[in-house]
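Enquirer: with the sequence up front, the predicted model follows.
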Amino acid sequence: MANKFILDSMIDLEKKRKAMMNGSGNYPTNVGVLGADDVDKSLVNYINDEIAAGRINASGGGSGSLTDGDYGNVVVSENGSNMFVKSVSGYSHSSAFAARPSVNGYQWSTDENPAFENGVSYTADDVANEIWKVFSLSNAAHLALDNPYWTTPTPTGTTGIGLFEGENLPDDITTLFDYTYDYDTENPGSSGTGFEGSVGRIKLNDLQYGDQVRVRFEYNIIPQIANTTVEPALWYANRDESDNITYTFPLTTSPSFYGAGTVGKSYLNRIEISAWITSSEDVNALTLPAIKSDNPVIIQPVGMLVTIIR
């Protein structure tokens, strides 16, 4: 494969370069494993010069400088003095839950006796009906909250993707969040799916068969009654290629229990849920975080880290 060829060529050429720098001009067999200091800007220039001169064929057909687009996941870059290989896995984070209070800059209160604006109530009626409460996303919350807090490396400045502005995504995925998808608009007359009234989704459309999705759902729970069990999940609906829902279910993980002395206190949870992508119905699936409880609680959705593993 081209990627392996390029990596092998880099190692081979680096050994030759070390030999020439040592003055021998020969290709020694005892150069050893390359260390961190062995790979630098001169190697980048050297490899590209060798390609331009036609002495190596980087892609198996034609020549030219090594670039991200031409050579798959291998990237040679004069980024400071680093040479790196771009990963096929990646991730994105967002804090853009629609339940966040806009009156408080979309930030949750830290008061342990929260007022009405400080969380989503899972009520006694929800308990009686065993409701999975689904949490929508908001583009306004995204624009307010998903802003890089660093300056190095320079953020891309691209909004609509997430906190990292697409920087840490696999290079064939544009975004893992859709902040404006309106379920009721796209599915007029729908009932009983659990997505009615929801906005936004974790976007899976760019994924490949064989990918694994891991969602770290971050939320605060404020129990209202002692001895409460809370079940987090991804509310998940497979869809066919015509966007018809074929099956809806909660993709659950381990529940959390809140015993004596927990009432009125806030507990941060950061739970992980995984899903496979193995068919067209998985790639076209709808999913959002959801919670069910056996007693009333107050829920403050905080954020999501969505990771794609290949």
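Expert: Structure received. From a predicted model like this one, the values you see are computed outputs, not experimental measurements.

Enquirer: which SSE is immediately downstream of the stretch of helix or strand Val127 belongs to?
Expert: Using DSSP states H and E, Val127 falls within helix 124-128. Once helix 124-128 ends, the next helix or strand along the chain (criterion: DSSP H and E) is strand 133-134.

Enquirer: who are the packing partners of that next one?
Expert: Strand 133-134 sits against strand 286-293, with contacts defined as 3 or more C-beta pairs under 8 Å, 6 or more residues apart in numbering; DSSP states H and E. All C-beta spots, glycine's among them, are computed from the backbone N, C-alpha and C.

Enquirer: what pairs with the strand it packs on, parallel or antiparallel?
Expert: Looking at strand 286-293 with DSSP bridges, its partner strands are strand 133-134 (antiparallel), strand 228-239 (antiparallel).

Enquirer: okay, now the nearest residue to Val88 once chain neighbours are set aside: neighbour count?
Expert: Nearest non-adjacent residue to Val88, counting by C-beta to C-beta, 6 or more residues apart in numbering: Arg310, 4.7 Å away. A total of 13 residues lie near Arg310 under the criterion other C-beta atoms under 10 Å.

Enquirer: Phe257 now?
Expert: Residues lying near Phe257 (other C-beta under 10 Å) number 12.

Enquirer: show me the contact partners of the helix or strand it falls within.
Expert: Mapping Phe257 onto the secondary structure by DSSP H and E places it in strand 256-258. If you take C-beta atoms under 8 Å, 6 or more residues apart in numbering as the criterion, strand 256-258 is touched by Ile221, Pro223, Ala226, Asn227, Thr228, Thr229, Val230, Pro232, Tyr267, Asn269, Ile271.

Enquirer: who's in contact with the fifth one?
Expert: For Thr228, the set of contacting residues under the criterion of C-beta under 8 Å, 6+ apart consists of Phe257, Tyr258, Thr262, Ser293, Asp294, Asn295, Val297.

Enquirer: separation between the fifth one and Gln224?
Expert: Using C-beta to C-beta, to the nearest Å, Asp294 is found at 12 Å from Gln224.

Enquirer: one more: Ala128?
Expert: 15 Å.

Enquirer: looking at these two, which one has more neighbours?
Expert: Gln224 (18 against 8).

Enquirer: the stretch 101-250 of the chain: strands as residue ranges?
Expert: Applying DSSP state E, counting those that start in this stretch to the stretch 101-250 of the chain gives strands spanning 120-122, 133-134, 177-182, 199-202, 212-223, 228-239, 245-252.

Enquirer: can you give the strand pairings for the strand holding Phe257, parallel or anti for each?
Expert: If you go by DSSP bridges, strand 256-258 pairs up with strand 228-239 (antiparallel).

Enquirer: for the partner strand, list the C-alpha coordinates in PDB.
Expert: Output in PDB follows, covering the C-alpha atoms of strand 228-239 (Å, rounded to 0.1, in the frame of the first residue of the first chain):
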ATOM      1  CA  THR A 228     -32.600   6.800  43.000                       C
ATOM      2  CA  THR A 229     -31.300   4.900  40.000                       C
ATOM      3  CA  VAL A 230     -30.500   6.900  36.800                       C
ATOM      4  CA  GLU A 231     -30.000   5.200  33.400                       C
ATOM      5  CA  PRO A 232     -28.100   7.100  30.700                       C
ATOM      6  CA  ALA A 233     -28.300   6.000  27.100                       C
ATOM      7  CA  LEU A 234     -28.200   7.000  23.500                       C
ATOM      8  CA  TRP A 235     -31.700   7.200  22.200                       C
ATOM      9  CA  TYR A 236     -31.100   5.400  18.900                       C
ATOM     10  CA  ALA A 237     -33.100   4.900  15.700                       C
ATOM     11  CA  ASN A 238     -31.900   3.000  12.700                       C
ATOM     12  CA  ARG A 239     -33.200   4.400   9.400                       C
END
